[in-house]
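S.K.: need a structure here:
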Amino acid sequence: MRAHLLLLLLGVIVWARSIHGSFVNYDTPWLVIENPLLSGGDPSIAPAIFTDLSLSTRLLLGAEYLPIRDLSVLADFAVFGTSWWGHHTHNLLWYLLSCGLLLSVFQTLLKDDRKAWLAAAVYMVHPLHVESVSWLASRKDVISLAFFFASILGWLRGGWRWGVASVFCLGLAYWSKNTAITLPAVLVVLSLLHARQSPLRLRWWLQWIPYGLLALLGLALTFHVGGMVSMLSPVRADSAWGVLTIEVQVIGRYLRMIVAPYGLSVRYPEPEVASLIAPMFLFGLAALGGLLASAAALCRARPVVSLGILWFFITLLPVSQIVPIQNLIADRYLLIPSAGLILAAVSCLPASLLRKPAGVAAAAGILLTLSAATWQRSAVWHSSQALWADLVEKNPADPYGWTSLIGVAVEDGRLDDADLLVGQGLTVLPDEASLLQSRGIVAMKRGKLADAEEAFVEALILDPDLRKSRYNLMLSLDGQGRSEAAVEVGRALVSEHPLYEAAWNGLGAVYIDLGQPEAAQAALEEAYALNPYSVSTNTNLGNAAFLLGDSVSAEGWWRAVLRLEPGNDYARRGLKALGATDL
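M.R.: As a prediction, this is how the structure comes out:
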């Protein structure tokens with residue numbers, strides 16, 4: 001217990017900076033802050049989180065079925081409201097709980113309290129984990145982490161009661177984040193290398209049936225929901241060899257990030273298909289081969305080393321190119337795998353080392369270095385400005401950093417700064433379509449619709465798939481009185497992107513400007529089906545109904561707007577025009 005309290009104290013000190021009153025705009029607004037299902041903190045929403053698999057609900061909650069994550073966010077709003085200090089504290093509490101559970105797991109595996117504490121402490125203060133702890137949209141990581149370690153600990157304790165708890169925690173871990181699907185494989189390795197169980201016995205196979213059934217159920221839900229919302233990304237190479245060379249380079253980079261965590265960023269340059277003599281490929285291949293060879297060679301003499309290495313590779317599988325995902329490399333992908341390598345590394349230390357002053361001093365130096373890096377990195381996640389400025393500084397060739405930084409300036413009303421950033425970005429990336437798109441957005445904010453149109457057209461010439469440029473081109477054309485041309489752009493856009501709710505809503509608004517309320521209503525109903533909580537869509541549906549002479553429907557839509565946004569003046573004026581008095 002004393003070791004756990006000491007670890008908790010260390011965690012509170014190092015991670016205190018992660019608790020603050022703001023948030024970054026990286027996925028957090030739509031997934032958490034402005035999420036119409038969760039941000040009200042209404043407990044009656046809880047059943048829908050688990051049972052509603054409709055397209056509109058899944059689009060609002062993200063590309064994965066994660067009811068435990070969503071329930072925790074709902075609870076945040078019910079308890080803390082919009083006090084982001086509370087939301088961040090909740091994130092940190094899950095992480096501290098995870099580290100305490102990991103310490104118990106390490107104590108069981110290493111059978112040396114000093115080494116176990118050091119391993120858990122290194123894990124706890126590692127700057128790689130700042131993204132998961134400090135990013136509100138990453139709540140799924142820290143919740144899944146806690147239940148992942150709890151499931152392992154339950155299995156290690158043995159007995160049917162702990163076994164049931166272990167299976168239950170697998171379900172909670174998986175429905176917090178789907179990468180927990182690797183947990184049964186980690187337990188199998190534990191059974192073979194640590195518990196020395198024999199797979200020749202029927203009982204060994206029977207113990208995995210509950211885990212397997214739960215995993216299959218989880219996968220079925222994951223692929224059902226993922227298929228609805230187009231979760232997967234295109235494969236990054238044309239051949240299996242190409243995919244392998246990319247993944248080997250990623251593993252090499254991950255190993256460097258764990259051992260020497262400098263230059264951490266919210267995004268990283270993606271490696272391309274490599275030749276046999278490419279330095280990064282050779283480094284990754286050597287590291288991969290060396291680790292796997294060590295795991296094979298030491299499985300009997302040093303089973304914990306082998307266990308840690310296999311833990312690392314097994315838990316990386318869901319974020320590898322086996323299933324193509326949007327982000328190839330991210331700090332959060334190492335949250336669980338890093339524990340395996342840290343376990344393997346610390347288990348190699350001589351038992352007497354941490355009982356000598358030199359060994360204690362070396363361990364303290366490592367912890368202080370990592371803690372200082374974590375303290376410094378935590379500040380980057382305090383604001384969107386700091387986060388995207390950090391990305392631009394570390395990876396100026398990534399247009400995402402420039403466009404996000406420009407977006408912050410636009411949101412703050414600093415249009416001159418936004419124009420300056422567009423110019424700087426185009427100096428580094430002269431033919432980047434997304435930067436031309438940003439130029440168009442700034443021009444629209446200035447009311448220069450012709451300039452905006454020109455920028456969006458240029459962006460689409462370079463990248464026809466930029467749906468945001470096509471959406472804004474539609475709006476800029478409509479704003480210039482060229483509504484028929486805007487309709488053509490909008491119809492093509494929704495044809496290619498039928499799940500793009502904003503495009504359907506924008507198209508409906510253009511039809512209203514053209515005086516075609518029937519067509520407007522049809523487009524807006526498509527938008528409503530995708531997001532029934534959109535204030536803009538409900539407002540426009542009221543406008544279309546009013547133009548059709550359907551005052552009853554118009555009143556219904558505008559009252560819906562007031563339920564979503566009680567201070568909406570437009571809806572109030574519309575209801576007054578209909579003669580409503582109970583406002």
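S.K.: State the distance from the residue nearest to residue 208 when sequence neighbours are not counted to residue 127.
M.R.: In this structure, residue 208 finds its nearest non-sequential neighbour in residue 184, 6.4 Å apart by C-beta to C-beta, 6 or more residues apart in numbering. C-beta coordinates here come from the backbone N, C-alpha and C atoms, glycine included. According to C-beta to C-beta, to the nearest Å, residue 184 stands 30 Å off from residue 127.
S.K.: What are the buried residues along the helix or strand residue 450 falls within?
M.R.: Assigned by DSSP states H and E, residue 450 belongs to helix 449-462. Neighbour-count burial for helix 449-462, counted by 16 or more other C-beta atoms under 10 Å, picks out 449, 451-456, 458-460.
S.K.: repeat for stretch 130-149
M.R.: Buried, per 16+ other C-beta under 10 Å, within stretch 130-149: 130-149.
S.K.: Find the residue at the geometric middle of this structure.
M.R.: Central residue of the chain (C-alpha atoms, centre = their mean): residue 138, 5.4 Å from the mean position.
S.K.: and residue 191, how many neighbours?
M.R.: The number of residues packed near residue 191 is 17, by other C-beta atoms under 10 Å.
S.K.: Quick check: nearest residue in space to it, chain neighbours excluded?
M.R.: residue 197 (4.4 Å).
S.K.: in what helix or strand does that neighbour lie?
M.R.: Residue 197 belongs to no helix or strand, assigned by DSSP H and E.
S.K.: what's the neighbour count on it?
M.R.: Using other C-beta under 10 Å, residue 197 has 15 neighbouring residues.
S.K.: Same question for residue 256.
M.R.: Counted with other C-beta under 10 Å, residue 256 comes out at 16.
S.K.: Mind telling me what element it is part of?
M.R.: Element membership of residue 256, judged by DSSP H and E, is helix 240-259.
S.K.: got the buried residues for the next helix or strand along the chain from that helix?
M.R.: Next along the chain after helix 240-259, taking DSSP H and E as the criterion, comes helix 279-297. Residues of helix 279-297 classed as buried: 280-285, 287-288, 291, 294-295 (neighbour count, 16+ other C-beta under 10 Å).
S.K.: With stretch 563-581 instead?
M.R.: 564, 568, 571-572, 574-575.
S.K.: Which residue is the nearest non-sequential neighbour of residue 382?
M.R.: Take residue 382 and drop its neighbours on the chain: the residue closest to it by C-beta to C-beta, 6+ apart is residue 20, 5.5 Å away.
S.K.: now the one you found: how far from residue 87?
M.R.: On the measure of C-beta to C-beta, residue 20 and residue 87 end up 10 Å apart.
S.K.: How about the contacts made by residue 72?
M.R.: 90, 139, 143 (C-beta atoms under 8 Å, 6 or more residues apart in numbering).
S.K.: now the helix holding residue 256: mean pLDDT?
M.R.: Here helix 240-259 scores 92 as its mean pLDDT.
S.K.: Dump stretch 380-400 to PDB, restricted to CA.
M.R.: Output of stretch 380-400 as PDB, limited to C-alpha atoms (Å, rounded to 0.1, in the frame of the first residue of the first chain):
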ATOM      1  CA  VAL A 380       1.400  22.400 -25.100                       C
ATOM      2  CA  TRP A 381      -2.100  20.900 -24.600                       C
ATOM      3  CA  HIS A 382      -3.400  23.900 -22.700                       C
ATOM      4  CA  SER A 383      -4.700  25.700 -25.800                       C
ATOM      5  CA  SER A 384      -5.300  25.200 -29.500                       C
ATOM      6  CA  GLN A 385      -2.900  28.000 -30.300                       C
ATOM      7  CA  ALA A 386       0.000  26.300 -28.400                       C
ATOM      8  CA  LEU A 387      -0.800  22.800 -29.800                       C
ATOM      9  CA  TRP A 388      -0.900  23.800 -33.500                       C
ATOM     10  CA  ALA A 389       2.100  26.200 -33.100                       C
ATOM     11  CA  ASP A 390       4.000  23.300 -31.700                       C
ATOM     12  CA  LEU A 391       3.100  21.100 -34.700                       C
ATOM     13  CA  VAL A 392       4.100  23.900 -37.200                       C
ATOM     14  CA  GLU A 393       7.400  24.300 -35.500                       C
ATOM     15  CA  LYS A 394       8.200  20.600 -35.400                       C
ATOM     16  CA  ASN A 395       6.700  19.600 -38.800                       C
ATOM     17  CA  PRO A 396       6.300  22.600 -41.000                       C
ATOM     18  CA  ALA A 397       5.700  20.300 -44.000                       C
ATOM     19  CA  ASP A 398       2.400  19.100 -42.500                       C
ATOM     20  CA  PRO A 399      -0.400  21.400 -43.800                       C
ATOM     21  CA  TYR A 400      -2.700  20.300 -41.000                       C
END
